[in-house]
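>>> Sequence first, then the predicted structure:
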2 protein chains.
Amino acid sequence: MNSKKMMTLAEIAKLAGVSESTASRALRDNPVINQQTRQKVQAIAAEHQFKVNATARNLRTQKSYTIAVIIAFDPKTQQAVSDPFLLELLGVIADELSRHGYDMLLSTSKTADKNWGHYYLDAKRADGLIIIGQGEHDPRIDALSQTKVPFVVWGGSNGEENYPVIGSDNRQGGRLAAEHLLSQGCRQLVFLGDIRHNEIEQRHLGMLDACQASGFASDAVQQLTCDFTAQAGYLQTQQHLFARLPELDGIFAASDAIAMGAMKALLEHNIAIPQQVALIGFDDIAMSAYCTPSLSTVKQNTQSGGKALVSQLLARMRGQQPLSEQLAVKLLCRQSSLRRL
Amino acid sequence: MNSKKMMTLAEIAKLAGVSESTASRALRDNPVINQQTRQKVQAIAAEHQFKVNATARNLRTQKSYTIAVIIAFDPKTQQAVSDPFLLELLGVIADELSRHGYDMLLSTSKTADKNWGHYYLDAKRADGLIIIGQGEHDPRIDALSQTKVPFVVWGGSNGEENYPVIGSDNRQGGRLAAEHLLSQGCRQLVFLGDIRHNEIEQRHLGMLDACQASGFASDAVQQLTCDFTAQAGYLQTQQHLFARLPELDGIFAASDAIAMGAMKALLEHNIAIPQQVALIGFDDIAMSAYCTPSLSTVKQNTQSGGKALVSQLLARMRGQQPLSEQLAVKLLCRQSSLRRL
DNA sequence: AGCGATACTGCAATCGATTGCAATAACTTA
DNA sequence: TAAGTTATTGCAATCGATTGCAGTATCGCT
C-alpha cells in the first residue's frame, strides 16, 4: 500500500505504536532513541514514502533552509538573465546550495518587490540572500547592510563596501587584457563598457593601470559607454569607432557579448582582426572560442565563484565574519588579439 | 521606531488593540472588517514593516505559493544550465510566476533528489512543478504522471505523452529549416543532433517531411548524433563531415550552439558558407545574429513559451484539464544559408 | 418596547513537526 | 532491599497565522 493520502508524522507514529515525539526523534536519528525503535519507525516511514512536511518543520525550527538568489537586472537592457556567464554561475550556486541541504529561491530584481531583502527575509521565506550584480551602485544594498540580514554580493569591489563582495579580480583582469593588447603592438586603445557598473569600472581602471605602467599617455585610452549586449557592442562600434580608425588599433570589451557585437561590426567594415584592430573580451562564455576569429578574453572562474558565494554566506549565517574575496582571473589569448603567431 | 525585532501578527494586533483574528482579516482586506479598523491595522503594520510569516501562513493554508522549476540535465554534458536559450526561458517563467504571486524554486535534476517530484511536493515545498527538458525520455516523468502531482513539461511532444507538454512546434521548425535549405539549392543534407531527445527527434522528422515532400530520396539526408554544445558541433563536423564534402552542401544543426561549432570547423577548413555549405541552427540565441556569417535559425518564442507553461500549470492546479501546446516557430534567414541575396 | 437583521469582533481550534521536561522502566551498587 | 543511575519514551507547549462559529452591539422598524 502506498501513499493514497498524504502521510503525517502522527500517522507514522500511530502505525509504529509510538508517540509523535519518538517518531520525530527516530527519523532525525536522535541517538537517545532506542536502536530498534528507530529502525522500525524509519522502516515504516520509508514504506509509506513519508516526507517531513517542510513547512511545519520550518515554522517550528524558525529556519527555511532556503537561500534566495536575486539577479539584479539592468532595467534598460534586461540583460542579466540572458547573459550566459550568469547562467553558469547560477548553476554552480544551485549545486553548492543543494550540497549543503539548501533550496534555492530564484528571483530577478525586476520581478521582486521593491524591497526584496525584506520580502524574503522578514517573511522568513529564506535564511539568506545572494545578490548577483550590484548594477549601478544599488542603494538598496547599502540599506541592507545596515540590517542584520545575512547576504553576500557577487560583483566588483572598490574596497569601500561595508558588506561582503565576492567577485573576480576585475582590476587585475583589466590589467592583463591591456598589457596583452599593448604587447601586441596596440597603441590606441578603446574600452567598451559601462563604467557606472562597479565591476566594469574596475576592469577599466586595470586597463589604465597597465597603460600607465607602460608609460602611455592617458589619452591613449578612450572609454565608450556600452550596455551588456552584443547589439550594443555592434552599434557603438559602428557609430563611434569607425571614425577613430585607423589610429584606433585595440579594443577591450567589458564582456564577451559586447566583444562579439564589436567583432561583427568590424568584420562587416572589412577591418582585419587582429591585424588592424586587436580585440579582447571578458568572461569566456562558451561561444567565445567558436566565433571567427576566436575571441581572446579574460576568463572568470565561475566554479570557485559560486562556491565562495555559498560558503561565505553560510559562514555569515553561522555568525562568522565573512570576507570579501577577489578571485583570480586568467588571460586566454585567441585569434582576435594574437598578432604574431 | 522600526523593526528592532521581528514583528508577529500578535504584536500588531496588540498595538492596534484588536484580536489576532481581526488583525489577520484586516491585513487580508477582508471586507467583513470595519473600514476604520482595517486601515488602522494596516497603518500600524506598515509602520512596523510587518510582513506575514510565509511559513506560518503556508502551514495553515496548506499551500506554499511556490513552484519548483527543474532543469533536466544531460549528465554527460551538463549542458542544460549553460544553454542560453534555457536561461531566457527561465527568465520569462520567473517573471510570470511572480506576476501570479508565486515564488520560484530552482533546481537541476543533477542537484535534486533522485525522486524530485516527491522531494518538492510531498514535503509541501512547492505546489507544482515545471520540468524543463525531458532529456532522453525520462521514466521519472512517466511515473509522475501516474500521480496527482500538478506538473507541466517543456519539451517535445510526439502526441503520446499522458501529461501536458508545452514546447515549440519542433517538427514544423524542422520542416521550415529543411525547406529553406532545399530552396537554396542544397541537395545533400546533414542533421546534426541527438535524436534520442524528443524535441530533437521532432526537428529531424520535420526535416524528413520536407525532403519527402520535395521528392528527395531518403538517403539525401543523413543524421549525425551530436551533444548540445558548440564543442560537440565543432568536433563532429571535423571528424565526420569533411569526408562527405563536396557532396554535402547543407547542415541543419539542432541548436545554435551546435551550429556555431560547426561553423567554426567549416571556416577553419576554408569552406565557404553558405556557397559551399549552407548552415542553419535552432533557437535564435542572442549570439546567432552576431557571428560571421550571421547564423540562420529557427526562432523559438520564449516569451509565449514561459507564459504558456505557467498558465497551464496554474490551470492544472485549479483542477482544470491542461492542454499540451505547440508554439509557432519562425524561420530567420541570415547569411549562413542565404545563397542568392 | 420588542424582535430580527446587520455589522463587527474575538475565541479557540488547527496546520504538522520539534523539543524541554517529566515520567517510567530497567539496571546498578551498596 | 533501598537508593541512585541510566536508558527510553511521552506529554504538552510552541512556532505564527488563518478561519469556522459564536457572541455582542447597533440599528431599523413595527
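Nice, thanks for sending it over. Numbers count the residues shown, from 1 in each chain, chains lettered A, B, ... in the order given.

>>> What strand or helix carries residue A:261?
Assessed by DSSP states H and E, residue A:261 sits inside helix A:256-268.

>>> by contact count, what packs against that helix?
For helix A:256-268, the elements it packs on are strand A:189-192, helix A:230-236, strand A:250-253, strand A:278-280, judged by 3 or more Cβ pairs under 8 Å, 6 or more residues apart in numbering or on different chains; DSSP states H and E. Bear in mind the C-beta positions are built from the backbone N, C-alpha and C, glycine included.

>>> Centre of the chain to the helix or strand following the last one, how far?
Next helix or strand after strand A:278-280 toward the C-terminus (DSSP H and E): strand A:297-299. How far strand A:297-299 lies from its chain's middle: 15 Å, per Cα atoms, centre = their mean, to the nearest Å.

>>> does any part of the worst-scoring helix or strand of chain A on mean pLDDT sit near chain B?
Counting by mean pLDDT, DSSP states H and E, the weakest-scoring helix or strand in chain A turns out to be helix A:139-145, with a mean of 80. No. Helix A:139-145 is not in contact with chain B by Cβ under 8 Å from any Cβ of the partner chain; minimum separation 11.7 Å.

>>> Report all helices and strands that that helix contacts.
Against helix A:139-145 (3+ Cβ pairs under 8 Å, 6+ apart) you get no helix or strand.

>>> Check which residues of that helix are buried.
Neighbour-count burial for helix A:139-145 flags A:140-141, A:144 (criterion: 16 or more other Cβ atoms under 10 Å in any protein chain shown).

>>> between those residues, which is nearest residue A:87?
Distance to residue A:87, by Cβ to Cβ, is smallest for residue A:141 among the buried residues of helix A:139-145, at 22.0 Å.

>>> From what I see, the closest one and residue A:163 are in contact.
Yes. Counting by Cβ atoms under 8 Å, residue A:141 touches residue A:163, with 6.7 Å between them.

>>> what is in contact with those two at once?
Taking Cβ atoms under 8 Å, 6 or more residues apart in numbering or on different chains as the criterion, residue A:141 and residue A:163 both touch residue A:153.

>>> Check which residues of stretch A:147-164 are buried.
Within stretch A:147-164, the residues that count as buried by 16+ other Cβ under 10 Å are A:149-157, A:161, A:163-164.

>>> Kindly tell me how buried the residue nearest to residue A:195 when sequence neighbours are not counted is, as a neighbour count.
Excluding the flanking residues, the one nearest residue A:195 by Cβ to Cβ, 6 or more residues apart in numbering or on different chains is residue A:201, at 4.4 Å. Per other Cβ atoms under 10 Å in any protein chain shown, the neighbour tally for residue A:201 reads 22.

>>> any idea how far residue A:201 lies from chain B?
24 Å (Cβ to the nearest Cβ, to the nearest Å).

>>> what residues are up against that residue?
By Cβ under 8 Å, 6+ apart, the contact list for residue A:201 reads A:156, A:158, A:195.

>>> Residue A:155 now?
So residue A:155 contacts A:131-134, A:165, A:167, A:198-199 (Cβ under 8 Å, 6+ apart).

>>> Pick the one among these closest to DNA strand C.
residue A:131 (29.3 Å; Cβ to the nearest atom of the strand).

>>> The closest one - that's part of a strand, no?
Yes. With DSSP: H, G, I helix; E, B strand; the rest coil as the criterion, residue A:131 is part of a strand.

>>> still on that earlier bit, between whichever strand or helix holds the residue nearest to residue A:195 and helix A:256-268, what angle do the directions make?
Using DSSP H and E, residue A:201 sits in helix A:198-213. Angle, helix A:198-213 to helix A:256-268, by axes from the mean of the first three to the mean of the last three Cα atoms, to 10 degrees: 60 degrees.

>>> Export helix A:198-213 to CSV, keeping only CA atoms.
Output in CSV follows, covering the C-alpha atoms of helix A:198-213 (Å, rounded to 0.1, in the frame of the first residue of the first chain):
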residue,chain,number,x,y,z
ASN,A,198,31.4,48.6,-10.3
GLU,A,199,32.8,45.5,-11.9
ILE,A,200,33.2,47.3,-15.2
GLU,A,201,34.8,50.3,-13.6
GLN,A,202,37.4,48.0,-12.1
ARG,A,203,38.2,46.5,-15.4
HIS,A,204,38.6,49.9,-16.8
LEU,A,205,40.9,51.0,-14.0
GLY,A,206,43.0,48.0,-14.5
MET,A,207,43.4,48.9,-18.1
LEU,A,208,44.6,52.4,-17.1
ASP,A,209,47.0,50.8,-14.6
ALA,A,210,48.6,48.9,-17.4
CYS,A,211,48.9,51.8,-19.7
GLN,A,212,50.4,54.0,-17.1
ALA,A,213,52.9,51.3,-16.1
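
>>> Pairing partners for the helix or strand that comes right after that helix, with directions?
Using DSSP H and E, the helix or strand that directly follows helix A:198-213 along the chain is strand A:221-224. Here strand A:221-224 is paired, per DSSP bridges, with strand A:189-192 (parallel).

>>> Send me the partner strand as CSV with only the CA atoms.
The C-alpha trace of strand A:189-192 is given here as CSV (Å, rounded to 0.1, in the frame of the first residue of the first chain):
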residue,chain,number,x,y,z
LEU,A,189,43.0,51.6,-27.2
VAL,A,190,39.3,51.8,-26.6
PHE,A,191,37.4,50.4,-23.6
LEU,A,192,33.9,49.4,-24.5
